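> just a sequence and a predicted model for now, questions to come.
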Amino acid sequence: MTSENSRPAIASAPPSRRQIQSWQDAEHNAAAWMRHWGFSDAQAKPGGADGGIDVRSRRALGQVKYQAAAVGRPELQNLFGARGRDMEKQLCFFTGSSYAATAVEYADTNSIALFVYALDGTMTPVNKTARRVSTAPAPNPPAVPRHHLPLVSAAPATAATPAPQPPQPRTPSERTVPRWARAVPGLVLAGAAFAIPRGSTVVPWPDAHVMTIGLLVIPLILAIWGLAAKNQRTFLLTGGGLVLADVAVARLLNRQLWDSTASWIFIALVLGIAALLTGLSVRGRARATAPVMAAD
């Protein structure tokens, strides 16, 4: 763990405010704050198979999330594992949203500093470790013997301007399916709702019009859910359950299959899998709720 005696020196002035409009902005903003807290060589270096490390320093590692969902315990476990055996490095985690209670508990146990950044770039510590990192007193500089001082004329000090960082590619974990693309499965099923009742092997119940209306309900829900869902994993689980449920409804409204025992077994199996996927989605959303916001 990072010891109390190895805390970095805090710079005199905090970084200037910057608008956070992309994940690149969020990462460079986090690197600027880490330099302010004394990790002078901190640089935003996303990408690579490194467990999601976005900011690197000789004495610290940082991970930055640019998302609306609350950060859970698994993200912090990934950061902890990415540190490897170098236990002296301070771990810092940054998000623009909030942290689940389980995430804060894990961070406190493993001395991970949790921060929440605002859209103007300001940073707020969430837990005790973050407050320690962000307020550690600067140690007194060691005395330099006079005979070691260079004999040069005094010149006005100029602040070094950091070189601009080129845009970095997104890591695989940050790539998501566009929301308009999530609506495609629902639209495809909606088209099938008009074609299925008119198939040669289908006997609609009670008639083709009612069967079409019944088969349109789930596709419309799926299309709306795809446009509204913020979490891709939740959409995939719930969307998969809705697709299976639509398959079951199509067989239920086909009177020709009612006399087949295998058909009823298939319907029960499909509905069971749909319920399982939906339950996993609800459970995942429940674990992400109860977020812990940054302390004032």
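The structure has been received and is ready for your questions.

> show me where the stretch 101-250 of the chain has strands.
Along the stretch 101-250 of the chain, the segments classed as strands by DSSP state E, counting those that start in this stretch run 112-117, 123-125.

> which one of those lies closest to I221?
strand 112-117 (33.8 Å; CB to CB). (Each C-beta comes from the backbone N, C-alpha and C, glycine too.)

> strand partners (parallel or antiparallel) of the closest one?
Paired strands of strand 112-117, with direction, are strand 90-95 (parallel), strand 123-125 (antiparallel) (DSSP bridges).

> most packed of these?
Stretch with highest mean neighbour count among the strands paired with strand 112-117: strand 90-95 (a mean of 26; mean count of other CB atoms under 10 Å).

> and the helix or strand following it, average pLDDT?
Sequence order places strand 99-100 as the next helix or strand after strand 90-95, per DSSP states H and E. For strand 99-100, mean pLDDT rounds to 94.

> just stretch 243-256 next, same as before
In this model, stretch 243-256 has an average pLDDT of 86.

> any idea of the pLDDT on A32?
pLDDT, A32: 93.

> mean pLDDT added to the strands of the stretch 101-250 of the chain, as JSON lines?
Compiled in JSON lines, the strands of the stretch 101-250 of the chain are given as follows (pLDDT from 0 to 100):
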{"stretch": "strand 112-117", "mean pLDDT": "95"}
{"stretch": "strand 123-125", "mean pLDDT": "94"}
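
> looking at the ones you listed, spot the one closest to F194.
The closest of the strands of the stretch 101-250 of the chain to F194 is strand 112-117. By CB to CB, the value is 48.4 Å.

> roughly how far is the closest one from the heart of the chain?
Distance of strand 112-117 from its chain centroid, counting by CA atoms, centre = their mean, to the nearest Å, is 14 Å.

> before we move on, what about stretch 74-92?
17 Å.

> buried residues in it?
For stretch 74-92, the neighbour count (16 or more other CB atoms under 10 Å) marks E75, L76, L79, F80, R83, K89, Q90, L91, C92 as buried.

> sorry, back to before: save the strands paired with strand 112-117 as TSV, and put in distance to S22 too.
Shown next, in TSV, are the strands paired with strand 112-117 (distance: least, CB to CB, whole Å):
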stretch	distance to S22
strand 90-95	14
strand 123-125	17
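
> measure stretch 105-113 end to end?
12 Å (CA to CA, to the nearest Å).

> give me the contacts around that stretch.
Residues from elsewhere that reach stretch 105-113, judged by CB atoms under 8 Å, 6 or more residues apart in numbering: 1-2, 73, 76-77, 79-80, 90-93, 99, 114, 125, 127-130, 132-134.

> now do the contacts for V243.
By CB under 8 Å, 6+ apart, the contact list for V243 reads P185, L189, L222.

> least confident pick among these?
Among the contacts of V243, L222 has the lowest pLDDT, at 80.

> surely it meets G186?
Yes: at 3.6 Å, L222 counts as touching G186 under the criterion of CB atoms under 8 Å.
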